[in-house]
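# predicted structure and sequence below. I'll ask about it afterward.
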Amino acid sequence: MPLGTRATMPGDPAPTFDLQSHSTASDGALVPSRVVRAAHAAGVRTMSLTDHDSVAGVQEALDTAAKLDGLTVIPGIEVSAIDEAHADLHICGYLVDHTSAALASSLEAWRADRAGRADRMIDALFELGWAVDVAGLRARRDAGRSIGRPHVAAAAFDHPANSERIEAEGLMTATDLLVAYLVDGAPAFRTRTTPTVEEAIATIHAAGGIAVWAHPFWDVMEPAEVRATLERFTGLGLDGVEAFYASFSAEQSALLHGEARRLGLVTTGSADFHGPNHPNFSRFRAFSTYGLTPSWGALEPWIA
């Protein structure tokens, strides 16, 4: 789990931009139009729908925003990637051409790899004695919807055969089960095989977008390692970093903001909205810039 606890500074208002959110096109609870309307109701003025390895909801999000006053939607995506030192990283692409045939082809291949990874994690949970609602996951896949770790975790957490074990292990939510079993280093975690961070960045660029490392302290926790990784990714063509995030402390945001200035990177931020009932990411604008000014670069014309 990420380090740090969000603590808004006195007089530091909630940002009116929020550049990560998720719909039913990946692991969110709401359809894209309802995600956009939720953002609008929360006072967001610039948002992005960044579903995992999918742009299926982007057009619906754009069409919905066109009917609302004072809200701009940036076409986006969140790509799950691997690296020589890290098995699970996330690169957001902003301003991507969501109609690109080349992007669609890459995403199809990446989702197939993602599905294979899900199957390997399900098998690992079975080996560890967990029951998993495979039928529910199969129905989701047959409907053309992606399966990620949150879905696998929920398929185990919600299975009645696991109730005693869940209580014994003190797991309060499906997210607790995910963290205990399905994150890097946990017993049922299995890595993807593609894309690499470099491939993700190149594909985002080919689709006309800019590539931003999402929530660095979620996947890489040590400050020195975050600095080194950010510099290395910049050498691979990375354009920006998410310096402001729902779980980041003032110290973490200051580190990322300072490194971004040194490296000439865009800085973004988000509350990573997944739905109104999500245990961690349920509210738009629930993050702080801690008085720091984002650097928008190519995103500047889109920021209200």
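Cool, the structure landed.
# please, where are all the helices along this protein?
Under the criterion DSSP state H, the chain contains helices at 32-41, 58-65, 101-127, 134-142, 149-157, 163-169, 174-181, 197-206, 216-219, 223-235, 250-263.
# got a markdown table for those helices, with mean pLDDT and mean neighbour count too?
C-betas here are computed from N, CA, C, even on glycine. Formatted as a markdown table, these follow (pLDDT from 0 to 100; neighbours: other CB atoms under 10 Å):
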| stretch | mean pLDDT | mean neighbour count |
| --- | --- | --- |
| helix 32-41 | 98 | 21 |
| helix 58-65 | 98 | 20 |
| helix 101-127 | 94 | 17 |
| helix 134-142 | 89 | 13 |
| helix 149-157 | 94 | 23 |
| helix 163-169 | 98 | 12 |
| helix 174-181 | 95 | 20 |
| helix 197-206 | 98 | 21 |
| helix 216-219 | 92 | 22 |
| helix 223-235 | 97 | 16 |
| helix 250-263 | 98 | 19 |
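# let me know which of the ones you listed is the nearest to residue 12.
helix 250-263 (9.8 Å; CB to CB).
# and the angle from the closest one to helix 223-235?
Relative orientation of helix 250-263 and helix 223-235, computed by axes from the mean of the first three to the mean of the last three CA atoms, to 10 degrees: 30 degrees.
# coming back round to it: mind checking which of the helices of the chain is nearest residue 187?
helix 174-181 (5.9 Å).
# centre of the chain to that closest one, how far?
16 Å (CA atoms, centre = their mean, to the nearest Å).
# helices or strands next to that helix in the packing?
helix 149-157 (3 or more CB pairs under 8 Å, 6 or more residues apart in numbering; DSSP states H and E).
# would you mind measuring from the residue nearest to residue 52 when sequence neighbours are not counted to residue 118?
Leaving out its chain neighbours, the residue that sits closest to residue 52 by CB to CB, 6 or more residues apart in numbering is residue 26, at 3.9 Å. Distance, residue 26 to residue 118, using CB to CB, to the nearest Å: 13 Å.
# okay, and the common contacts of those two?
residue 148 (CB atoms under 8 Å, 6 or more residues apart in numbering).
# can you list the helices of the chain in JSON lines and add distance to residue 191?
Below are the helices of the chain laid out as JSON lines (distance: least, CB to CB, whole Å):
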{"stretch": "helix 32-41", "distance to residue 191": "29"}
{"stretch": "helix 58-65", "distance to residue 191": "28"}
{"stretch": "helix 101-127", "distance to residue 191": "7"}
{"stretch": "helix 134-142", "distance to residue 191": "19"}
{"stretch": "helix 149-157", "distance to residue 191": "12"}
{"stretch": "helix 163-169", "distance to residue 191": "24"}
{"stretch": "helix 174-181", "distance to residue 191": "14"}
{"stretch": "helix 197-206", "distance to residue 191": "13"}
{"stretch": "helix 216-219", "distance to residue 191": "13"}
{"stretch": "helix 223-235", "distance to residue 191": "17"}
{"stretch": "helix 250-263", "distance to residue 191": "25"}
